[in-house]
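Novice: Quick one: sequence and predicted model below, then my questions.
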Amino acid sequence: MAEARWRLAVFDFDGTLADSFPWFRAALPETAARFGFHSPAASELETLRGCDSREILRRLAVPAWRLPAIVAHLRARKRAAAGEIPLFPGVPEMLAALRLAGLPVAIASSDSEASIRMTLGPEAGRIGAYACGASLFGKPPRLRGLLRQAGLAPAQALYIGDELRDAEAARAVGMGFAAVSWGYARPEALAATAPLALFRSVAEIAPFCAGSAASSAES
């Protein structure tokens, strides 16, 4: 196998490793009614998948002062449902392949570590570090913390996510960014951020991270 380009692979969780969008879509109407913001129709949700986080908040008319309470409410509901949210097919095999390649894996997420561990189940042991509980725009400090913990320069780590804010966070700290096409944001919106790779399947991740040319942004 070719020498690895990266010394740390950091994953977002929801929409990247865990198929949580159906849960989020089901939880949104109740949350909107509780906190007084707009509950989008299915057609609107598809439009929102092409927007960044600030535009989503604007379109949903989310009061900024209520955002912390909204996030806390959703985290609590998600933790209660965490055992029912599946990983995307191929995720366990991908994590095993990264371990076999000797590449450390971490997670940086807005979700809680407890919720993530419940969804991961036995796969939780394959994750070397967790940086969880980030605010909506608070992922850069979590990524910097993981870099300090690993003793790495930003250019030695890759952040893999499914949202435009993931791309923003990686760039804010100088990390490489790769996107997955099966999560919350639409693939064309992610492609516009010029990621180092836009994965079309989970099986492409481990070869790319291990330095193989089997996956690229042009795939």
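Specialist: Looks like it came in fine.
Novice: Return the distance of Leu198 relative to Gly36.
Specialist: Here Leu198 is placed at a distance of 37 Å from Gly36 (C-beta to C-beta, to the nearest Å). Every C-beta, even on glycine, is put in place using the N, C-alpha and C of the backbone.
Novice: And for Gly125, the neighbour number?
Specialist: By the measure other C-beta atoms under 10 Å, the count of residues near Gly125 is 11.
Novice: rewinding a little: so if I had to pick from Leu198 and Gly36, which one is more boxed in?
Specialist: A direct count of neighbours by other C-beta under 10 Å for Leu198 and Gly36 places Leu198 higher, at 21 against 11.
Novice: Next SSE downstream of the host helix or strand of Arg117?
Specialist: Assigned by DSSP states H and E, Arg117 belongs to helix 113-120. Downstream of helix 113-120, the next assigned helix or strand under DSSP H and E is strand 129-131.
Novice: who's in contact with the nearest residue to Pro104 once chain neighbours are set aside?
Specialist: Using C-beta to C-beta, 6 or more residues apart in numbering and skipping residues adjacent in sequence, the residue nearest Pro104 is Gly128, 4.7 Å away. Contact analysis of Gly128 by C-beta atoms under 8 Å, 6 or more residues apart in numbering lists 104-106.
Novice: where along the protein do the strands fall?
Specialist: Here the chain has its strands, by DSSP state E, at 8-11, 105-108, 129-131, 157-161, 176-180, 197-199.
Novice: Can you lay out those strands as a markdown table showing mean pLDDT?
Specialist: As requested, those are exported to a markdown table (pLDDT from 0 to 100):
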| stretch | mean pLDDT |
| --- | --- |
| strand 8-11 | 97 |
| strand 105-108 | 98 |
| strand 129-131 | 97 |
| strand 157-161 | 98 |
| strand 176-180 | 98 |
| strand 197-199 | 98 |
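Novice: would you turn those into a markdown table with distance to Arg49?
Specialist: Output for the strands of the chain, formatted as a markdown table (distance: least, C-beta to C-beta, whole Å):
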| stretch | distance to Arg49 |
| --- | --- |
| strand 8-11 | 20 |
| strand 105-108 | 21 |
| strand 129-131 | 25 |
| strand 157-161 | 14 |
| strand 176-180 | 13 |
| strand 197-199 | 15 |
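Novice: quick one: low-confidence ranges for the chain?
Specialist: In the predicted model of the chain, residues 1-4, 211-219 satisfy pLDDT under 70.
Novice: can you rerun that using 50?
Specialist: For the chain, the stretches with pLDDT under 50 are 1-3, 212-219.
Novice: Tell me how many other residues surround Arg54.
Specialist: Neighbour count of Arg54, defined by other C-beta under 10 Å: 12.
Novice: What is the helix holding Arg117 packed up against?
Specialist: helix 67-81, strand 129-131 (3 or more C-beta pairs under 8 Å, 6 or more residues apart in numbering; DSSP states H and E).
Novice: Give the pairing partners of the shortest one; include direction for each.
Specialist: Taking DSSP bridges as the criterion, strand 129-131 pairs within the sheet with strand 105-108 (parallel).
Novice: quick one: the partner strand to chain centroid distance?
Specialist: Here the centre of strand 105-108 is set off from its chain's centre by 10 Å, with C-alpha atoms, centre = their mean, to the nearest Å.
Novice: which outside residues touch it?
Specialist: For strand 105-108, the external contacting residues (C-beta under 8 Å, 6+ apart) are 8-13, 17, 95, 98-99, 116, 126-132, 134, 139, 142-143, 146, 150, 159, 169.
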